[in-house]
Each structure stands twice: as structure tokens, then as C-alpha cells.
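Enquirer: let's see this in three dimensions:
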Amino acid sequence: MSSTKTKRHELRYCTLKYGYKFLQLVVIFSVFCLTQTTHLNRILRQDVYIWQKKWVDTLKPAIEQTIPYITGWRFLAGEYEPDGQVIYPSVQFDLLKQTNLPLTAVYRFDRLRPLPSADEILSLIVQSPAYKTYHIHNIELDLDWPTSKLKLYIQLLQSLKTKLPEDIKLNITMIPDWMRSPIFPQMTEQIPNPVLQVHSIDNPQAGLFIPQNALAYIQKMNRLTRHNFYVALPTYGLKIQTTPTGNIYAIEGENDFKSGHLGKELYSDPKKVRSLIDSLQENTPSHLKGIIWFRLPITNDKRNWSLDTWKAIISHTLLKGKIITQEIPDPNNPGAIKLTLVNQGNITLPLPKTVSLRCSIGDGFFPYQLTTTSKGQYSLSLIQQTAPLNTHQQRVIGWMRCE
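Expert: Below is the predicted model:
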């Protein structure tokens, strides 16, 4: 009888002992999970930049179609150009306010100018229609100064904050190179919700956007700051002109400078951007608050994604890339057939490197030229990558004639 009681007592003791140990492990594991630098499947905010200096008619439908997909607008509200001229874009404030989404006015300072004073920044803000007339108090400074001047920038922000009206909420953009500086953590203490830009043309050979690098930058930022931050992702492309030594001396964005066939086209590959988005959604850095897209796609912006591509990315729709070659008889040249590339997918795509011909007579239009294989097969070969082909766009690349 006593032996049975002893066994029951030992069993009860073991249950309590190991049950308590198990509970300890559960608590430790829970705390560990809560203190990790990532979260699973956290929904991120989606804002977008409107960067036009002159608001064109095609902006209105783009804004209206975008409303269901985003959580806020950030628009270019003022700019100091390299020559010191101040520009205030012709923003349609009533159109933006009708969307009932948060507005942030962005003020850009060209990096070719000397570092502005606090008074210059203050003047640019308070004299702008965004603040003076429409009372938009969420302010963002786009001032990507070299890492070597980071200490001066910190001092500038400290001075500026003492002079800004109390109703202004100040924010800034940041570049990854700043994180090399030992005073970068001090920089993060100046502004609560900065925007980290992970796209650049500092290395044209590497491209405009590298997802592995972007993810590394975001993770590093998450470790170095104790505040929330946003990341700016690219939808755009551009054309650069370089010297023989590789230095950039001209950049074409929304507008062409009539540089002809010279230069190198860079663009943001939607599939690469999607891969980063998937990584961030699966394991979201704890301080990452949202994504800001640069820039809002409009129909006449040929170096930007189409609106369809952008919506497919942010809504996590399956990406379907499909470029076909259409053969269209040329009414002005009997017997000749025009060769036209058509993007039938929902994603912006680069031009195909080769297009096979079924005829032995033909020629290509830039950026294609007629080539033959060792087996005598004719094709049009891409000699220079130009702006990609957007969804629902088409491009005539050459002609052929069958004997």
C-alpha cells in the first residue's frame, strides 16, 4: 500500500517537474520568437511617389485606378535644381485630396548643389503651395548626400528641427552607403520613419536593381535602427550616357534628350522586384513598415512599368510574360511583311534577343539587324537593349519578303 503511494507521489513529482520544465521551454521559445528581427506574413503599407514636375492629363486616370491598391501618396512638391532655381510642380491638389488617402509632400535637393542651409530648406517648404495653400504637413526631404558629409547632414537636421513649425512632421530618404558610417545609428535617431532607397545607378554594369543586395540593405537597416522605416522600390527605367572610362555624364528618364542610339538602357525587372517582395512577405524585418513605389506608372511614361504590371506586382497576381511576333502585310509595299513585337502578357519584358525569319529577304529596324546562322537560317538579332516592351504595347522591328 505504501509502495503504491510512493510511486504515485513520484509520478506526480515527475509530472510537475517536467511539466514545469516544458512550460519554461514554451515561454523561452515564445520570447525568442517575439524578439527576433523578422515576422511572418506581416501586411506592409503600399505608398507611391508621383514625381512629375508638370501634371499631364494621363495622371488623373492613373491615380483613380491606383486608389484601391495603395495606402498613401508621396508627391514632388518642390525642388532646388543644380543652378539654384526653385521649382514648384503644378500639382492637382484637389484630385489628390478627393482620394482620402494620406499625403506627403516631398522636397528634392539636387546632389550637385552645395549642402543647403536650414533656412533654405525652411523657405522651400513654407513657400510651397503644398504647405502654404493646402496645409500638407507631412514633409519628406530627398537629399542623398555622400557618406563623407553625413555628419554635416545630421547637424543640418538638428538645426532645421528647431526652426520648423510645430505642425510639420519631418521625414527623409536614406541611401544604403550611409550604413557604412559609424555615425549612421545617430542619423537614424534624427528622423522617426525614414525611407531607404535600394535602387541606384552607381554601378551601371550591375543594373538598376539587384534583389539580393536590396534584401541585404533592408536587413542591415533593420539591425542598425530601433525605429520603423520604409523601403523605396523602383518601377522605372532610364538611359545613361557614359564616358570611355565609365563615368556617367547624362541621364534620360521620362524625357529623351535626342541622344539617338547612344547610351545604355537600365530598367527595373518586375520579376526581380517580385522576388524581393516575396522574401519580405515571408520574413518581414521587424522595423519595416511599408513599401513606397517609385514612381506611379502613366501611359506616356515609356521608361516605366505599365499600370497593369505594377498592379500585378502589388496584388500578388501570377506574372505572365508573353511577347509574340505578328506578321502584318505592308499595304504600301506589296509582298513585304512587317514584323511587329506584341506584349500579350501582364508584365513589362525586355525585347527578345533574336526573332527567327521564315523568309530569306528582309532587314531589321533599330535595335535589330539581319543575321544568318552557320546553317543559313535568317533572323533579326538585338544589337542593343532599349526600353522594355510594356503590356499591350507593340513595336515594329523589321520586315521580310518571301520569294
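Enquirer: can you give me the strands in the stretch 51-200 of the chain?
Expert: 72-80, 86-87, 103-109, 138-142, 169-174, 195-197 (DSSP state E, counting those that start in this stretch).
Enquirer: show me the one of the ones you listed that comes nearest Glu120.
Expert: Nearest of these to Glu120, taken as CB to CB: strand 72-80 at 7.4 Å. (C-beta placed from N, C-alpha, C; glycine too.)
Enquirer: now the closest one: average pLDDT?
Expert: Here strand 72-80 scores 97 as its mean pLDDT.
Enquirer: check stretch 306-318 too.
Expert: Stretch 306-318 comes out at a mean pLDDT of 94.
Enquirer: shaky segments in this structure?
Expert: Scanning the chain for pLDDT under 70 picks out 1-42, 202, 245-262.
Enquirer: how does it divide up, domain by domain?
Expert: 1-35, 38-314, 323-401 (automatic domain parsing).
Enquirer: mean neighbour count added to those, as JSON lines?
Expert: Below are the domains of the chain laid out as JSON lines (neighbours: other CB atoms under 10 Å):
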{"stretch": "domain 1-35", "mean neighbour count": "9"}
{"stretch": "domain 38-314", "mean neighbour count": "17"}
{"stretch": "domain 323-401", "mean neighbour count": "16"}
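Enquirer: how about a markdown table for the strands of the stretch 51-200 of the chain, with distance to Gly376 added?
Expert: Listed next are those as a markdown table, based on distance: least, CB to CB, whole Å:
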| stretch | distance to Gly376 |
| --- | --- |
| strand 72-80 | 55 |
| strand 86-87 | 58 |
| strand 103-109 | 55 |
| strand 138-142 | 55 |
| strand 169-174 | 55 |
| strand 195-197 | 50 |
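Enquirer: for Asn346, find the nearest of those.
Expert: Across the strands of the stretch 51-200 of the chain, closest to Asn346 is strand 72-80 (CB to CB), at 24.2 Å.
Enquirer: quick one: closest of the strands of the stretch 51-200 of the chain to Leu115.
Expert: Leu115 lies closest to strand 103-109 among the strands of the stretch 51-200 of the chain, at 8.4 Å (CB to CB).
Enquirer: specify the angle between the closest one and strand 169-174 in degrees.
Expert: Put simply, strand 103-109 runs at 50 degrees to strand 169-174, going by axes from the mean of the first three to the mean of the last three CA atoms, to 10 degrees.
Enquirer: chain center to strand 103-109: distance?
Expert: Centre-to-centre, strand 103-109 and its host chain are 16 Å apart (CA atoms, centre = their mean, to the nearest Å).
Enquirer: and the angle for that strand with strand 72-80?
Expert: Using the same axes, to 10 degrees: strand 103-109 against strand 72-80 is 30 degrees.
Enquirer: show me what strand 103-109 is packed against.
Expert: On a contact count with 3 or more CB pairs under 8 Å, 6 or more residues apart in numbering; DSSP states H and E, strand 103-109 meets strand 72-80, helix 118-126, strand 138-142.
Enquirer: okay, these in TSV with distance to Gln384 next?
Expert: As requested, the helices and strands packed on strand 103-109 are exported to TSV (distance: least, CB to CB, whole Å):
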stretch	distance to Gln384
strand 72-80	31
helix 118-126	40
strand 138-142	31
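Enquirer: out of those, which gets nearest to Leu101?
Expert: In terms of CB to CB, the element of those nearest to Leu101 is strand 72-80, at 5.3 Å.
Enquirer: can I assume Pro204 is in contact with Ile240?
Expert: Yes. At 5.7 Å, Pro204 counts as touching Ile240 under the criterion of CB atoms under 8 Å.
Enquirer: circling back to that earlier point, so which of the helices and strands packed on strand 103-109 gets nearest Lys311?
Expert: strand 72-80 (16.1 Å).
Enquirer: for that closest one, give me every contacting residue.
Expert: 45, 47-53, 86-89, 91, 96, 99, 101-110, 113, 116, 120, 124-125, 128-131, 136, 140, 292 (CB atoms under 8 Å, 6 or more residues apart in numbering).
Enquirer: parallel or antiparallel, list what pairs with it.
Expert: Paired strands of strand 72-80, with direction, are strand 45-50 (parallel), strand 86-87 (antiparallel), strand 103-109 (parallel) (DSSP bridges).
Enquirer: which one of those lies nearest to Thr299?
Expert: Of all the strands paired with strand 72-80, strand 45-50 sits nearest to Thr299, with 14.4 Å by CB to CB.
Enquirer: tell me the angle that closest one makes with strand 138-142.
Expert: Going by the same axes, to 10 degrees, strand 45-50 makes 60 degrees with strand 138-142.
Enquirer: can you tell me what sits against strand 45-50?
Expert: Strand 45-50 is contacted from outside by 59, 63, 66, 69-76, 91, 104, 106, 230, 232, 289-296, 314, using CB under 8 Å, 6+ apart.
Enquirer: now the residue lying closest to Asp330 once chain neighbours are set aside: how far from Glu403?
Expert: Leaving aside its sequence neighbours, Asp330 sits nearest to Ala336 (CB to CB, 6 or more residues apart in numbering; 4.3 Å). Per CB to CB, to the nearest Å, Ala336 is found 12 Å from Glu403.
Enquirer: now the end-to-end length of stretch 193-206.
Expert: One end of stretch 193-206 sits 29 Å from the other (CA to CA, to the nearest Å).
Enquirer: just stretch 230-239 next, same as before
Expert: For stretch 230-239, the first-to-last residue distance is 27 Å (CA to CA).
Enquirer: can you check stretch 283-293 too?
Expert: 20 Å.
Enquirer: figure out how far that stretch is from the centre of its chain.
Expert: On the basis of CA atoms, centre = their mean, stretch 283-293 sits 13 Å off its chain's mean C-alpha point.
Enquirer: again with stretch 312-322
Expert: 16 Å.
Enquirer: kindly report the same for stretch 195-214.
Expert: Taking mean C-alpha positions (CA atoms, centre = their mean), stretch 195-214 and its chain are 10 Å apart.
Enquirer: going along the chain, name the helices of the stretch 301-403 of the chain.
Expert: Taking DSSP state H, counting those that start in this stretch as the criterion, the stretch 301-403 of the chain carries its helices at 307-314.
Enquirer: typed the wrong thing, it's the stretch 1-150 of the chain
Expert: Secondary structure of the stretch 1-150 of the chain by DSSP H, counting those that start in this stretch: the helices cover 2-34, 59-66, 93-97, 118-126, 129-132, 150-163.
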